[in-house]
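need a 3D model of the following:
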Amino acid sequence: MIKAHVLVADDKENIVKLIRRILPEDRFDVTTAEDGARAMALLAAGSFDVVVTDIRMPGADGIAVLHEARARDPDIEVVLMTAYATIPAAVDAMRQGAFDYLAKPFEPDEALLIVERALERRRLRQEARDLRRALQGTQRIDNLVARSPVMAPVLALVHRASASDATVLITGESGTGKEVVARAIHNSGERKSRPFVAVNCGAIPETLLESELFGHAKGAFTGANADHRGLFEEATGGTIFLDEIADLPLPMQVKLNRVLQEKKVRRVGATDERPVDARVIAATNVDVRARVAGGQFREDLFYRLNVLGLVLPPLRERREDIPTLAAFLLERHRRHGVPEGFTAEALTALVQYAWPGNVRELENAIERAVAVTDGPRIELEALPDEVASILRPRITRGTESRLTYREVVDLARDRASREYLIALMRELEGNVTDAARRAGMERESLHRLLKRYGVRSEDFKQRE
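Residues are numbered from 1 along each chain as shown. You can find the predicted model right below:
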């Protein structure tokens, strides 16, 4: 294990020795400084992951050390040590970039936990930066964006499909973006100036399906008061996208197969056939070959549709694309250019989550996060609970013994803090100013805590 490099600066020798004892030697390489000037000199000469510094020191104070550290390495995390009287200064320093503060006297476990959290924040920050760098080289066709190796064959086939009129069958789990791929093929080809007509074959009642697809003649049935163009005719010159094609009833499969073969449609109740020039792209989330084997889907129609077969991988198999997709979807849903991006924790949670609902679920999560975010970046707490919990393990019955003591303390403190904030907001009916006064902290600090623990003051205000 690579040791973390920690710089401890304090003019009190007993505090320096205490921090040394708190940080295990097998995990931390600790360098000490007796004043701020020495700390700044060490920062100039070496590389550190975390700085733990007192606020009041001779030579240069902790705020100067903070600014020097962040100027030399934006990823370095700074923890301030402070006496009770200087807590407001420590809170102000957090606005200037400090990670957290320790109020003297502090418990050893508390100090170790804060340093470990600071290290985790640094790791996440560096990981997020690496992910942003990895966005370079991303390929995009229309609204289809990808950079993962598993998507390379998909992008290549989209390029080939857009240059031809061959029918395409897109398969993949629900939510993987099959319509996005179909639109990318249409918008990249010669038919892009003509209509793109999307049809969900499973959403149209069977009794209306033939009329919707092929049209009907006046008087063909009760209520047919005029001739009606079907969707195939509406798509003439362009593309018709038949989603959930496997749900098409067998009688309609026969008629669709004939349309694909003859390039003509016969409206319901009509005797003549009308030529149609619509490129057909179909999609399904089921195994069509299994349906063919089971007699639920016509083999001849399958081969006529599957001239170009394209399989979309689930999002969990293309995690390299998640930062790209997240940035793209944020651009689509954000308001007036904000939020600008994601915090390191939020981006890491997005990448690590399994996304059973695929890209559709990712888009819903980001749209929700935009709606609840007021600041410049989407934070972990703005994501759905199932996503955020990736970085916030919870204690459940039978799992307590598998957690470390520090994890249990951390979770218990988070739970107690949230319960306290809820009780405070409930008693003071969401009045943040009064709540901050009651809690003995600055209003901005309370706002930060409320946001961290997902407590919304407006939920406790009395409704008229």
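
what about residue 293, distance to residue 299?
Residue 293 is 9 Å from residue 299, where distance means C-beta to C-beta, to the nearest Å. Quick note: C-beta positions are derived from backbone N, CA and C, even for glycine.

what about the helices in the stretch 251-400 of the chain?
288-293, 299-305, 322-333, 344-352, 358-372, 385-388 (DSSP state H, counting those that start in this stretch).

export those helices as JSON lines, with columns for mean pLDDT, mean neighbour count and distance to residue 70.
JSON lines is the format used below for these (pLDDT from 0 to 100; neighbours: other C-beta atoms under 10 Å; distance: least, C-beta to C-beta, whole Å):
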{"stretch": "helix 288-293", "mean pLDDT": "95", "mean neighbour count": "15", "distance to residue 70": "57"}
{"stretch": "helix 299-305", "mean pLDDT": "96", "mean neighbour count": "18", "distance to residue 70": "58"}
{"stretch": "helix 322-333", "mean pLDDT": "89", "mean neighbour count": "19", "distance to residue 70": "24"}
{"stretch": "helix 344-352", "mean pLDDT": "84", "mean neighbour count": "22", "distance to residue 70": "15"}
{"stretch": "helix 358-372", "mean pLDDT": "94", "mean neighbour count": "19", "distance to residue 70": "27"}
{"stretch": "helix 385-388", "mean pLDDT": "88", "mean neighbour count": "16", "distance to residue 70": "27"}
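
and those helices: which comes nearest residue 5?
helix 344-352 (19.5 Å; C-beta to C-beta).

so residue 196 makes contact with residue 238?
Yes. Residue 196 lies in contact with residue 238 (C-beta atoms under 8 Å); the separation is 5.7 Å.

which neighbours do those two share?
Counting by C-beta atoms under 8 Å, 6 or more residues apart in numbering, the contacts common to residue 196 and residue 238 are residue 186.

any idea how far the nearest residue to residue 382 once chain neighbours are set aside lies from residue 317?
Of all residues not flanking residue 382 in the chain, residue 369 sits nearest, at 4.1 Å (C-beta to C-beta, 6 or more residues apart in numbering). Remark: distance between residue 369 and residue 317 (C-beta to C-beta) = 23 Å.

tell me, how many residues neighbour residue 171?
21 (other C-beta atoms under 10 Å).

now swap in the one 3 residues further on and tell me
When neighbours are defined as other C-beta under 10 Å, residue 174 has 15 of them.

now do the contacts for the closest residue to residue 363 other than its chain neighbours.
Spatial nearest neighbour of residue 363, excluding adjacent residues (C-beta to C-beta, 6+ apart): residue 329 at 5.1 Å. Residues in contact with residue 329 (C-beta under 8 Å, 6+ apart) are 362-363, 366-367.

make JSON lines from the residues you listed and add distance to residue 148 to it.
Output for these, formatted as JSON lines (distance: C-beta to C-beta, whole Å):
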{"residue": "362", "distance to residue 148": "14"}
{"residue": "363", "distance to residue 148": "18"}
{"residue": "366", "distance to residue 148": "19"}
{"residue": "367", "distance to residue 148": "23"}
